[in-house]
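**Q** sharing a model that was predicted from the sequence below.
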Amino acid sequence: MPVTRHAIDMVNEAQAQIMRIAPEYAARMRDEGKALLVDIRDIRELDRVGRIADAFHAPRGMLEFWVDPKSPYFKDVFATDKAIILFCTSGWRSALAARTLNDMGMENACDLDGGLNAWGEAGLPIAKTE
């Protein structure tokens, strides 16, 4: 079957429907204890590119299961009223993920606008894996 709905269209729709947080504001929210940064990139990306210090790693493929308290894979870290700011490299996967979590009823899930790339471009630190 040919693709009739393109990934970039789905990303654009998600970005129009979710809350997106600028990197500087996300860093401030984290520092004030108002946000949990969640890195949904593949573990190989974390090792190759680096990571945001104190960000929780939740692989994209497990995210829905880790946030759902009825799932046997539930992680307590997601039982929070803090903003859950998801990020990937450029913000595409995290936009789709944030929309999915919003669809699951998580009103506190949002997206780091521009992803890790924008974080670095804003001069915010990226810790390299040693």
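**A** Yep, it's here. Numbering: from 1, shown residues only.
**Q** how far away is the residue nearest the centre of the chain from residue 72?
**A** When C-alpha atoms, centre = their mean is applied to the chain, the residue found nearest the centroid is residue 86 (1.4 Å). Residue 86 is 22 Å from residue 72, where distance means C-beta to C-beta, to the nearest Å. Glycine gets a C-beta too; all of them are placed from N, C-alpha and C.
**Q** please apply the same query to residue 16.
**A** Taking C-beta to C-beta, one finds residue 16 at 34 Å from residue 72.
**Q** so for the two, which sits in the more crowded spot?
**A** residue 16 (10 against 6; other C-beta atoms under 10 Å).
**Q** surely that one is within a helix?
**A** Yes - according to DSSP: H, G, I helix; E, B strand; the rest coil, residue 16 belongs to a helix.
**Q** and it, what does it touch?
**A** Neighbour list for residue 16: empty [criterion: C-beta atoms under 8 Å, 6 or more residues apart in numbering].
**Q** which residue packs closest to residue 53, ignoring adjacent ones?
**A** residue 127 (5.0 Å; C-beta to C-beta, 6 or more residues apart in numbering).
**Q** keeping just the C-alphas, turn the helix or strand bottoming out on mean pLDDT in the chain into PDB.
**A** Least confident helix or strand of the chain, by mean pLDDT, DSSP states H and E, is helix 43-49 with a mean of 91. Output of helix 43-49 as PDB, limited to C-alpha atoms (Å, rounded to 0.1, in the frame of the first residue of the first chain):
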ATOM      1  CA  ILE A  43      20.400   4.800  23.500                       C
ATOM      2  CA  ARG A  44      23.000   4.900  20.600                       C
ATOM      3  CA  GLU A  45      22.100   8.500  20.000                       C
ATOM      4  CA  LEU A  46      22.800   9.400  23.700                       C
ATOM      5  CA  ASP A  47      26.100   7.700  23.500                       C
ATOM      6  CA  ARG A  48      27.100   9.200  20.200                       C
ATOM      7  CA  VAL A  49      25.800  12.800  20.600                       C
END
